[in-house]
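*Asks:* Generate a structure from the sequence data that follows.
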Amino acid sequence: MRVPTTVPVAPQGGLVARSRGRTLAVIALSAVMAGASLVAPVAAQSPAPVAAQSPAPVTGGILRFARNQEPSTLNPIGCFDNGCIWALTQIFDQLVDVTADGLAPGLAESWTSSADGLVWTFHLRDAKFSNGDPVTADDVKFSLDRFADPKVNASYAGVAASIGSVDVVDPKTVTITLKHPDGAILENLAMFVPSIIDKSVYEAVGDEAYGTAPVGSGPFMVKSFNRGQSLELVRNPYYWKPGQPYLDGVTFSFVPDDNTRILQLQNNEADVAAEIPYSQVAQLDAADGIRVQVEDVLTWDALWLNNKRKPFDEPAVRQALAYATPREDMLASVLFGNAEVANSLIAKGKYWSADVPAYTYDIAKAKELLATSSVPNGFPMELIIVAGDTVERQEAEIIKEAWSQIGVDLTIRPVDITSIFDEWFGGNVDAATFPGNTLSSDTLSDDNLAQVFYDPAGGANSFGTGYSNPEVAAILTAANQSLDETVRAADFARMQTVTMADAESVPLFFTKARTGLSDKVQGFRTVQPGWWDLENVWLQP
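*Replies:* All right, here's what the predicted structure looks like:
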């Protein structure tokens with residue numbers, strides 16, 4: 001039974017961050033947020049000792065950030081890749097915020113829910129968009145109505161399916177009435193799709209123009225967007241957090257080649273370099289003036305199979321490929337032990353179960369399964385990978401050699417990162433891999449990933465695989481509509497078991513964020529969905 005709960009303060013979450021061999025444990029999710037987000041209260045842990053007080057942040061400077069992905073759009077609706085998601089979170093706010101410490105109040109400074117969990121009332125703080133317009137309840141209703149419309153929000157329809165109506169109570173108060181209880185409603189409202197946009201600006205310029213020059217209420221605003229080159233952000237002078245952001249701006253340069261990003265960091269052409277190859281983490285971390293920050297995030301690596309194309313429509317074929325994959329060898333030789341073998345087809349999230357076994361490397365078992373299929377002697381297939389990603393290339397070559405032992409002739413075709421999603425979702429590809437940070441949970445709850453990757457009606461055709469299992473769909477519905485955390489945990493564990501057996505994809509690893517930083521970069525942290533709280537970053541003179 002839900003009781004009315006007001007949440008006026010920021011809670012803390014369970015992120016574990018590793019930096020230069022040291023581990024920082026952040027205290028567990030507070031009982032206050034547990035009441036609001038349908039999470040059972042957890043006893044707080046003692047925080048790790050603080051060695052020394054950090055110096056006060058310094059205002060000013062442009063953070064030069066070399067990324068391996070560029071945004072496909074700057075419109076929250078229509079974005080589905082981390083290239084744009086992790087940029088949008090710097091430009092827009094949501095009612096509920098995801099920080100490095102978990103969920104926190106965003107544009108809503110507090111909220112309450114009815115006893116049955118069906119009516120949520122959000123009280124807005126005084127905030128402005130980057131053009132000086134006030135953020136009003138009308139803007140919130142307009143943004144959430146778009147979020148809840150499956151014709152508009154086609155790619156993420158599942159995470160908004162519980163919303164029945166959004167109503168304006170007064171200029172600073174909005175109510176959301178749900179069609180049914182939703183155990184992940186707060187997490188869903190904190191994702192990038194329901195970012196609050198300036199209604200008047202959007203209606204004046206239209207969808208396409210808004211995607212290149214948006215107006216949000218986040219810490220930064222767009223100065224320029226040069227496709228294939230850079231995205232320049234500058235400080236939002238109206239940002240509601242006093243004194244923040246500390247930076248004058250952030251310039252994202254789009255550098256898909258791993259070695260080029262590292263060279264830019266080493267040559268002081270970049271302050272931050274994303275996705276440091278595992279093979280270079282230790283060496284780069286030992287370099288003068290540079291550190292590599294390795295953090296646990298909700299990202300994972302898999303080899304995705306088109307379940308609609310033969311012979312991948314046969315479970316035995318997919319299982320055979322899973323058994324023929326030498327993950328432990330890849331973990332040692334490519335990832336240098338800096339990951340975990342995955343026992344799930346989605347990220348290691350809130351309801352992940354350690355009891356579900358991972359696939360072992362078993363060539364005999366793979367041959368036995370393939371013998372029961374329509375292709376007992378093997379088959380040719382093509383795998384597309386992101387061009388320039390050394391880790392994915394090395395993994396693909398190892399898989400090619402291993403699969404040849406069961407008669408699979410694998411062709412590896414590199415594809416530019418700006419077009420690989422179009423190719424994969426076009427449906428005419430056998431299989432695809434994406435860099436280990438490309439796929440991540442957009443919320444702190446498992447519901448989002450389960451809807452996108454397991455539900456063909458969730459808006460993404462089970463992430464382009466076409467995977468469909470009525471049993472999984474029924475379990476997912478039951479889990480999402482439950483307010484009982486024990487029930488939800490059991491349901492997601494059952495889903496993990498069934499989907500692993502179905503082998504929609506070939507699971508590989510739970511991966512980590514690996515970010516190269518100049519020592520002058522302070523306050524940098526990666527939140528669990530993979531983006532960064534750049535309003536907290538500052539440059540040491």
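*Asks:* Look up phi and psi at residue 302.
*Replies:* Main-chain torsions, residue 302, degrees, to the nearest 10: phi -150, psi 160.
*Asks:* Next up, the contacts around it.
*Replies:* When contacts are counted by CB atoms under 8 Å, 6 or more residues apart in numbering, residue 302 touches 342, 345, 433, 439, 505-508. For every residue, glycine as well, the C-beta is placed using N, CA and C.
*Asks:* tell me which helix or strand of this protein sits lowest on mean pLDDT?
*Replies:* Of all helical and strand segments in the chain, the minimum by mean pLDDT, DSSP states H and E falls on strand 22-25, at a mean of 26.
*Asks:* Relative to residue 248, how far out is residue 470?
*Replies:* Distance, residue 470 to residue 248, using CB to CB, to the nearest Å: 54 Å.
*Asks:* okay, these two: which has more neighbours?
*Replies:* Set side by side, residue 470 and residue 248 show more neighbours around residue 248, with 15 against 7, by other CB atoms under 10 Å.
*Asks:* Residue 419 - how many residues pack around it?
*Replies:* The burial count for residue 419: 12, using other CB under 10 Å.
*Asks:* likewise the one 4 residues further on?
*Replies:* Number of residues near residue 423 (other CB under 10 Å) recorded here: 16.
*Asks:* Could you report the pLDDT at it?
*Replies:* pLDDT for residue 423: 95.
*Asks:* do residue 158 as well
*Replies:* Residue 158 carries a pLDDT value of 81.
*Asks:* what about it, is that helix, strand or coil?
*Replies:* Here residue 158 is helix, with the state taken from DSSP: H, G, I helix; E, B strand; the rest coil.
*Asks:* contacting residues around it?
*Replies:* Per CB under 8 Å, 6+ apart, neighbours of residue 158: 448, 451-452, 455, 457-459.
*Asks:* Among the residues you listed, which lie within helices?
*Replies:* Counting by DSSP state H, the contacts of residue 158 place 448, 451-452 in helices.
*Asks:* can I get the residues you listed in a markdown table with neighbour count and distance to residue 119?
*Replies:* Listed next are the ones in helices among the contacts of residue 158 as a markdown table, based on neighbours: other CB atoms under 10 Å; distance: CB to CB, whole Å:
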| residue | neighbour count | distance to residue 119 |
| --- | --- | --- |
| 448 | 26 | 22 |
| 451 | 26 | 23 |
| 452 | 24 | 27 |
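*Asks:* from those, which is closest to residue 383?
*Replies:* Comparing the ones in helices among the contacts of residue 158 against residue 383 with CB to CB places residue 452 closest, at 21.5 Å.
*Asks:* all helices for the stretch 201-350 of the chain, in order.
*Replies:* Per DSSP state H, counting those that start in this stretch, the stretch 201-350 of the chain carries helices over the ranges 207-210, 258-266, 281-285, 315-323, 327-333.
*Asks:* Deepest-packed of those, please.
*Replies:* Among those, judged by mean count of other CB atoms under 10 Å, the one packed with the most neighbours on average is helix 315-323 (a mean of 23).
*Asks:* That one - what's its average pLDDT?
*Replies:* Computed over helix 315-323, the mean pLDDT rounds to 98.
*Asks:* Can you list the helices and strands that it packs against?
*Replies:* strand 290-305, helix 363-371, helix 485-502, strand 505-518 (3 or more CB pairs under 8 Å, 6 or more residues apart in numbering; DSSP states H and E).
*Asks:* Only the buried residues of the shortest one, if you could.
*Replies:* In this case it means helix 363-371. By 16 or more other CB atoms under 10 Å, the buried positions in helix 363-371 come out as 365-367, 369-370.
*Asks:* Same question for stretch 269-278.
*Replies:* In stretch 269-278, counting by 16+ other CB under 10 Å, buried: 270-278.
*Asks:* what's the answer for stretch 211-221, then?
*Replies:* Those would be 211, 214-221, for stretch 211-221 by 16+ other CB under 10 Å.
*Asks:* Just the terminal-to-terminal distance for that stretch.
*Replies:* 13 Å (CA to CA, to the nearest Å).
*Asks:* Equivalent analysis for stretch 457-476, please.
*Replies:* Using CA to CA, the end-to-end distance of stretch 457-476 comes to 12 Å.
*Asks:* So which residues make contact with it?
*Replies:* For stretch 457-476, the external contacting residues (CB under 8 Å, 6+ apart) are 80, 150, 153-158, 304-308, 424-425, 427, 432, 447, 450-456, 491, 494-495, 498-499, 502, 504-505.
*Asks:* Which entries within the residues you listed meet the buried criterion?
*Replies:* Listed as buried from these are 80, 153, 155-158, 304-307, 424-425, 432, 447, 450-456, 491, 494-495, 499, 502, 504-505; burial here means 16+ other CB under 10 Å.
*Asks:* Can you check which of the helices of the stretch 201-350 of the chain gets nearest to residue 70?
*Replies:* Of all the helices of the stretch 201-350 of the chain, it is helix 258-266 that lies closest to residue 70, at 13.1 Å by CB to CB.
*Asks:* Show me what the closest one is packed against.
*Replies:* strand 62-67, strand 272-273, helix 281-285, helix 390-403, strand 505-518.
*Asks:* what sits up against that helix?
*Replies:* The contact list for helix 258-266, computed with CB under 8 Å, 6+ apart, reads 66-68, 253, 255, 269-277, 280, 284, 287, 290, 388-391, 516, 518.
*Asks:* so where is the protein shaky, pLDDT-wise?
*Replies:* Applying pLDDT under 70 to the chain picks out residues 1-54.
*Asks:* tell me the domain boundaries of it?
*Replies:* What automatic domain parsing lists as the domains of the chain is 16-213+520-539, 297-511.
*Asks:* Relative to residue 502, how far out is residue 370?
*Replies:* 17 Å.
*Asks:* now the residue of the chain positioned farthest from its centre: how far from residue 285?
*Replies:* The outermost residue of the chain relative to its centre, with distances by CA atoms, centre = their mean, is residue 377 at 38.5 Å. Distance of residue 377 to residue 285, given as CB to CB: 47 Å.
*Asks:* And for residue 105?
*Replies:* As defined by CB to CB, residue 105 lies at a distance of 35 Å from residue 285.
*Asks:* Could you pull up the contacting residues of residue 382?
*Replies:* Taking CB under 8 Å, 6+ apart, one finds 410-413, 429-431 in contact with residue 382.
*Asks:* Kindly apply the preceding question to residue 282 instead.
*Replies:* Taking CB under 8 Å, 6+ apart, one finds residue 336 in contact with residue 282.
*Asks:* Ok, residue 399 next?
*Replies:* Contact analysis of residue 399 by CB under 8 Å, 6+ apart lists 303, 325, 330, 383, 410.
*Asks:* and which of these is nearest to residue 184?
*Replies:* Of all the contacts of residue 399, residue 303 has the smallest distance to residue 184: 27.6 Å, by CB to CB.
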